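Q: following is a predicted model, sequence given first.
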Amino acid sequence: YAGGGMIHSGAGECVIQLAEKAGIPTTMTLMGLGGMPTDHPRAIGMLGMHAARYTNMALEACDLLIAAGVRFDDRATGKVAAFCPDAKVIHIDIDESELGKIRAPHVGIVGDVGEVLTELMPRVETNLRTAWIEEVEALKAANPLLIPGADDPSSPYGLVLQTAKLLDDEAIITTDVGQHQMWAAQVYPFRRSRQWLTSGGLGTMGFGLPAAIGAALAAPEAPVICFSGDGSLLMNIQELVTAVEENVNVKIILMNNNSLGLVHQQQDLFYGQRVFASDFREQVDFSIIAKGFGMTAYDLAHCHDPLETLAQAIHSDGPCLIHAPIDVNEKVYPMVPPGAANKDMIGDENSESEGLALKA
């Protein structure tokens, strides 16, 4: 169970080596994505509120949890008392105050994750754990992450995946906060540390665009993609002109549902469809605003071939805005209801015929 501490310490390779040597399925927090490539045989994706069901089920079944550079936050654990209920916990963190703050470890190790794992590696015996790996693979086959519209750039998942196909592993991905962030976290094929820049913790709307500009200035040769939502982009929309002035290689992919999508989803599902202050009464024309700042804008809703337009935009020079309208009723599934255990996810119970299973 690896998190942001793995990224900060540059310990991704150590985590991979341990997982390979000891046959350990490895899940990552939102902040840990990229530390282990998503297509690595031992990677089982992101855990928690919007994980694949099989990931949370594997955690439910484990008898030892090695927590490396994580803080057991509620988006990862769900109901803490029901998180990995039968597991002994080894918690490694550089911050001693994190040990036992939320989940009491059986073994607590204070130290830099990379240094600790490097010291531990010679003491770990090779064990491929074939039976356990087969059990996890069976869970995955029975409970995959489903991605409806994977080939359609007009759908949320399709937009993320088709964007990924147009890029190589040098690309840097930033997000704001909301549904677009979760869709990207679920399916973008991250393969290296620091490829993914996103806001954890309190979840700061408005994070994505400034982070993308900073990344582009730090790595001018790398393409930078900022997935954003209309609510989040409005928080820092004035920075469009900064991107233009600095001529950074930033492509803003705006999933626009004219709503605060994740708030709308919660209100729709858990508050009796009493939607309050999450639907916008006015429709902002983001393409006109971008052009007003001197930025090129593309609109996937008003083009002959959305995929061709997406490719043209991503491969263009300098910054641009890619406007992608989505249905306000699109939801991020599966999800753990507020206050529930991770095993009690909703949203994909009868969806085998509705979507395409993600092949990790």
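A: Cool, got the structure. Numbering: from 1, shown residues only.
Q: which helix is the longest one in this structure?
A: As assigned by DSSP state H, the longest helix anywhere in the chain is helix 130-142.
Q: tell me what the next helix or strand after that one is packed against?
A: For helix 130-142, the following helix or strand on the C-terminal side (DSSP states H and E) is helix 156-165. Judged by 3 or more C-beta pairs under 8 Å, 6 or more residues apart in numbering; DSSP states H and E, the packing partners of helix 156-165 are helix 179-187, strand 250-256, helix 306-314. To be clear about C-beta, it is placed using only N, CA and C from the backbone, and glycine gets the same treatment.
Q: still on that earlier bit, pLDDT of the longest helix of the chain, averaged?
A: Mean pLDDT, helix 130-142: 97.
Q: send me it as CSV with only the CA atoms.
A: Taking Å, rounded to 0.1, in the frame of the first residue of the first chain, the C-alpha atoms of helix 130-142 are listed here in CSV:
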residue,chain,number,x,y,z
THR,A,130,1.7,-18.1,-6.5
ALA,A,131,-1.5,-19.1,-4.7
TRP,A,132,-2.1,-15.6,-3.4
ILE,A,133,-1.4,-14.0,-6.8
GLU,A,134,-3.8,-16.4,-8.4
GLU,A,135,-6.5,-15.5,-5.9
VAL,A,136,-6.0,-11.8,-6.6
GLU,A,137,-6.1,-12.5,-10.4
ALA,A,138,-9.4,-14.4,-9.9
LEU,A,139,-10.8,-11.4,-8.0
LYS,A,140,-9.7,-9.2,-10.9
ALA,A,141,-11.3,-11.4,-13.5
ALA,A,142,-14.6,-11.5,-11.6
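Q: which residues touch the one residue sitting closest to the centre of the chain?
A: By C-alpha atoms, centre = their mean, the mean C-alpha position of the chain lies nearest to Ala185, the distance being 1.9 Å. Going by C-beta atoms under 8 Å, 6 or more residues apart in numbering, Ala185 touches Leu30, Leu33, Met46, His50, Thr175, Trp196, Thr198.
Q: closest to Cys84 among those residues?
A: Met46 (15.6 Å; C-beta to C-beta).
Q: relative to Tyr54, how far out is the closest one?
A: Separation of Met46 from Tyr54 (C-beta to C-beta, to the nearest Å) stands at 12 Å.
Q: more crowded one of these two?
A: Met46 (25 against 21; other C-beta atoms under 10 Å).
Q: can you give me the strands for the stretch 1-150 of the chain?
A: Per DSSP state E, counting those that start in this stretch, the stretch 1-150 of the chain carries strands over the ranges 26-28, 43-46, 64-68, 88-93, 107-110.
Q: and the last one, how far from the chain's centre?
A: Chain-centre distance of strand 107-110: 27 Å, with C-alpha atoms, centre = their mean, to the nearest Å.
Q: can you pull the poorly scored residue ranges out of the stretch 201-350 of the chain?
A: 350 (pLDDT under 70).
Q: before we move on, the earlier item: what's the closest of the strands of the stretch 1-150 of the chain to Gln179?
A: Nearest of the strands of the stretch 1-150 of the chain (C-beta to C-beta): strand 43-46, 14.9 Å.
Q: which strands and helices lie in contact with that closest one?
A: strand 26-28, helix 53-61, helix 179-187.
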